[in-house]
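Student: Build the 3D model from these lines:
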Amino acid sequence: MATEIKSKHATVSKPPYQLYMAFVDMRNFVQFLPEDKKKDVTADYDSIKATVQGFPVGIRISDRIPYSRIDFEDDGAPFKFSISMHFDAAGSDPYKTDFHIEVSAELNFMMKMMLGSKLKDALDKMVDALAAMSEGRMPEGVDPSMFPDGFDPSKFSGFNS
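Tutor: Presented below is the predicted three-dimensional model:
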């Protein structure tokens, strides 16, 4: 039975189409990796693969609903999982997005006990970080030195009009 994990919702200060476009191309994710990690990663429009602690891990886009949702699924991971990123209009403001993430994972009992709450916390931190970056703030708990010199969190690919 799959474990379902849902992040909190956050309002991101960018319109849904801009957020969607930032995540629709898997090659965009590589720019956020430290230089020493990029050598272990390959990406194309639909998928990204990496070697993590000696294990190959991959994820690919399984469905795109323009400007509304992107669905991802495992592609060679040690367990089955899927992720949905939701980009909904935030009330009546067309320039803001209600953003959240949902994960479904086939976790055995031991993995569920070890990872369950940590996955929820990680999803919530990702949502908070995206909201912070959309307002030009560095996400809480992120070391700015891990980014290239001159990195502006509000200007990562897809946030620009």
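Student: Which helix or strand lies directly C-terminal to the helix or strand of the chain with the lowest mean pLDDT?
Tutor: Least confident helix or strand of the chain, by mean pLDDT, DSSP states H and E, is helix 35-38 with a mean of 81. Using DSSP states H and E, the helix or strand that follows helix 35-38 towards the C-terminus is strand 41-43.
Student: After that following strand, which helix or strand is next? Please name it.
Tutor: That would be, after strand 41-43 and using DSSP H and E, strand 47-52.
Student: could you check the angle strand 47-52 makes with whatever helix or strand comes next after that next one?
Tutor: Once strand 47-52 ends, the next helix or strand along the chain (criterion: DSSP H and E) is strand 55-65. Angle, strand 55-65 to strand 47-52, by axes from the mean of the first three to the mean of the last three Cα atoms, to 10 degrees: 160 degrees.
Student: and strand 55-65, what does it pack onto?
Tutor: Under the contact definition 3 or more Cβ pairs under 8 Å, 6 or more residues apart in numbering; DSSP states H and E, strand 55-65 sits against strand 47-52, strand 69-74. C-betas here are computed from N, CA, C, even on glycine.
Student: Restrict that strand to CA atoms and write it as PDB.
Tutor: Only the C-alpha atoms of strand 55-65 are listed here, as PDB (Å, rounded to 0.1, in the frame of the first residue of the first chain):
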ATOM      1  CA  PHE A  55      23.000   3.900  -6.500                       C
ATOM      2  CA  PRO A  56      21.400   5.000  -9.800                       C
ATOM      3  CA  VAL A  57      18.300   7.100  -9.100                       C
ATOM      4  CA  GLY A  58      16.000   8.700 -11.700                       C
ATOM      5  CA  ILE A  59      12.800  10.500 -12.100                       C
ATOM      6  CA  ARG A  60      10.800  11.400 -15.200                       C
ATOM      7  CA  ILE A  61       7.800  13.400 -16.000                       C
ATOM      8  CA  SER A  62       4.800  11.200 -16.600                       C
ATOM      9  CA  ASP A  63       2.200  13.900 -17.300                       C
ATOM     10  CA  ARG A  64       2.000  17.700 -17.900                       C
ATOM     11  CA  ILE A  65      -1.200  19.600 -17.500                       C
END
